[in-house]
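K.L.:
Sequence first, then the predicted structure:
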Amino acid sequence: MSATAAVAWAGADPYAAALRAGRGPLFLRRADGWLLPLEVERWCARADRVDREVLDRCEGTVLDIGCGPGRLVAELAARGRTVLGIDVSQAAVDRTVRLGGHALRRSVFEPLPGEGRWGTVLLMDGNIGIGGDPGALLARVHRLLAPGGLLIAETDPVDVDELAEVQVVDAVPGPVAEGRAGDGSFPWARVGAPALLRYARGWQHTGQWTSGGRRFVALRGPGRARRRNRTTSSSAEPANRTAVISSQRARNPSVDSPVADR
């Protein structure tokens, strides 16, 4: 997401208000007036069965891109996993921290802690659409992941490949002139699983599944053989190895811990 797009999303008062209230209605509105409902109530609830199934697949340290109000970060932290959420919305970061998670207000395209050392990156709740350029986002995720790291992306449940300018709105608006995005618009993508696999040329396709009406794809980055030696254990630890974050900042961060960098 460009700096302009990040500011547009972060400054969307309806989004911040919805997160603070824990409920919608909230929509992404395309320039022609088409609306995509956003599932604020689900995002603000605890991680559900489908979420937990995804989190069970996570490996090593976890970076949740576009963490929103933090249900996934909080669930992983409760499991004793090393996890960081990032979001361009301060309201999202604040709510994540209140739930006991660790989060930073940051765009994925800005410098981030632990670049090249994350075991798993999550792009849930349609966040493969961030920035309106799935190819660029995948390239950025590849640079964030440790060699052999895992990307789990939630795609659109239908086969779609759409790039558009959108706005965040909290009510069904009146007629909108075709082609007019208005102030506060930013690029977004809707990507189904087949389209994501087309964008992910060179990535290793390691899984694809549907659960609870939601669809997911798991990928490993191109050209990076999975490491098994002990020196990488802090950034690619097995799923049953844990490290607890007890506050917003790690008390005794290791130089090998992605969340230690600032």
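P.N.:
Perfect, I can see it now.

K.L.:
Quick one: list the elements packing against the helix or strand harbouring Leu36.
P.N.:
Element membership of Leu36 [criterion: DSSP states H and E] is strand 35-37. With contacts defined as 3 or more Cβ pairs under 8 Å, 6 or more residues apart in numbering; DSSP states H and E, strand 35-37 has these neighbours: strand 27-30. (Each C-beta comes from the backbone N, C-alpha and C, glycine too.)

K.L.:
repeat that for 10 Å
P.N.:
Under the contact definition 3 or more Cβ pairs under 10 Å, 6 or more residues apart in numbering; DSSP states H and E, strand 35-37 sits against strand 27-30, strand 161-169.

K.L.:
Contacts made by it with the rest, please.
P.N.:
24-30, 126, 129, 156, 164, 166, 169, 171-173, 188, 190 (Cβ atoms under 10 Å, 6 or more residues apart in numbering).

K.L.:
And the residues you listed, which of them are buried?
P.N.:
24, 26-30, 126, 129, 156, 164, 166, 169, 188, 190 (16 or more other Cβ atoms under 10 Å).

K.L.:
that older thread, tell me the first helix or strand C-terminal of the strand holding Leu36.
P.N.:
Next along from strand 35-37, by DSSP H and E: helix 40-44.

K.L.:
Let me know the next secondary structure element after that next one.
P.N.:
Once the chain leaves helix 40-44, the next helix or strand it forms, by DSSP H and E, is helix 49-56.

K.L.:
With just CA atoms, put the helix or strand just after that next one into PDB.
P.N.:
Per DSSP H and E, the first helix or strand lying C-terminal to helix 49-56 is strand 62-65. What follows is strand 62-65, C-alpha atoms only, in PDB (Å, rounded to 0.1, in the frame of the first residue of the first chain):
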ATOM      1  CA  VAL A  62       4.000 -14.900  12.800                       C
ATOM      2  CA  LEU A  63       3.400 -11.500  11.200                       C
ATOM      3  CA  ASP A  64      -0.200 -10.600  10.700                       C
ATOM      4  CA  ILE A  65      -0.500  -8.000   8.000                       C
END
